[in-house]
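*Asks:* Can you look at this prediction? I've put the sequence above it.
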Amino acid sequence: MAVAAALTVGLAMGTSVSLAGVDSSSSILDHQQRTVEAILSDTHVSFVPPLDGNPLSREWFHDGRAAFRISGPDASSWSGHITMGYQVGYPATLDGRIKFQWWTPSLGLEIGNDPKIDVNSLIPQLGLELAVGFGPGIQTVEAAGGDISGADGYIQMSGFHGTVTGVLGQTTIRPWVKIVSGNGDSVTTYGPLWTN
C-alpha cells in the first residue's frame, strides 16, 4: 500500500472564524483558564476513480477548514500550533508493508493580527516504508499546519490529493484538527467518516 499526497489546489488562511458548516469541535481549559477550541468545518472528501486504473488503488481529494477559538483571560496573547489531516483506514494490504510518499510545498503560516504565508520548496519529497502486517490498519496523514496566535483564526485547504495503493477492500477517511498550545496543552477533534 502506498500513500501519496499533494496540496494541489490551494491553502488559504484567515483570522475570523465562521461557524457555518461545522463538522465537529472539541475544547479544553488551559493552564491560564482559557478555553481552547479546535473546530473542523466545511469538510468534503471526494473519492474518484484511481488515475492508475489499478483495482487495488483508492484516490480522493480533501477540502476543509481547520479553525481555532480562544476565550477567557488574555485570549489575544495565546499562541500555539494547528494541524489538519486525516486518518486512513483499510481492511488489508497485499504484502504487509506500507510505503508512504508525500509531495507538497513547504508551508509557513502566521495567523493573528498580521497574517502571512510563506511557500518554499515547490517540489519537496518524503518517503518511508513500514512493516505493518496484513491489516486491518489505520495510518495518520498530516495535510497542513502552522504556528498560530491570537483569539481565533483558521487555515483552509482545497484539493489536497491522496492515494492508497495495494489495499484490499474499502478505504475510510476520518478528517481531524489538532491544536497544541505553547504550554503543551492539546485538543483534537475528529470529523465524520468518508468511505469509498
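*Replies:* Looks like it arrived, so ask away.
*Asks:* so Leu168 touches Pro91, yeah?
*Replies:* Yes: using CB atoms under 8 Å, Leu168 is in contact with Pro91, at 6.3 Å. For glycine as for every other residue, the C-beta is placed from the backbone atoms N, C-alpha and C.
*Asks:* distance of Ala92 from Val167?
*Replies:* 7 Å (CB to CB, to the nearest Å).
*Asks:* These two - which one has more neighbours?
*Replies:* Between Ala92 and Val167, counted using other CB atoms under 10 Å, the more crowded position is Val167 (27 against 15).
*Asks:* what residue is smack in the middle of the protein?
*Replies:* Centrality entry for the chain: nearest residue to the mean C-alpha point is Gly85, 1.5 Å, by CA atoms, centre = their mean.
*Asks:* which secondary structure element contains that residue?
*Replies:* strand 79-90 (DSSP states H and E).
*Asks:* Please spell out which residues along that strand are buried.
*Replies:* Within strand 79-90, the residues scored as buried using 16 or more other CB atoms under 10 Å are Gly80, His81, Ile82, Thr83, Met84, Gly85, Tyr86, Val88, Gly89, Tyr90.
*Asks:* The fifth one touches Ala143, doesn't it?
*Replies:* Yes: taking contact to mean CB under 8 Å, the distance of 5.4 Å between Met84 and Ala143 places them in contact.
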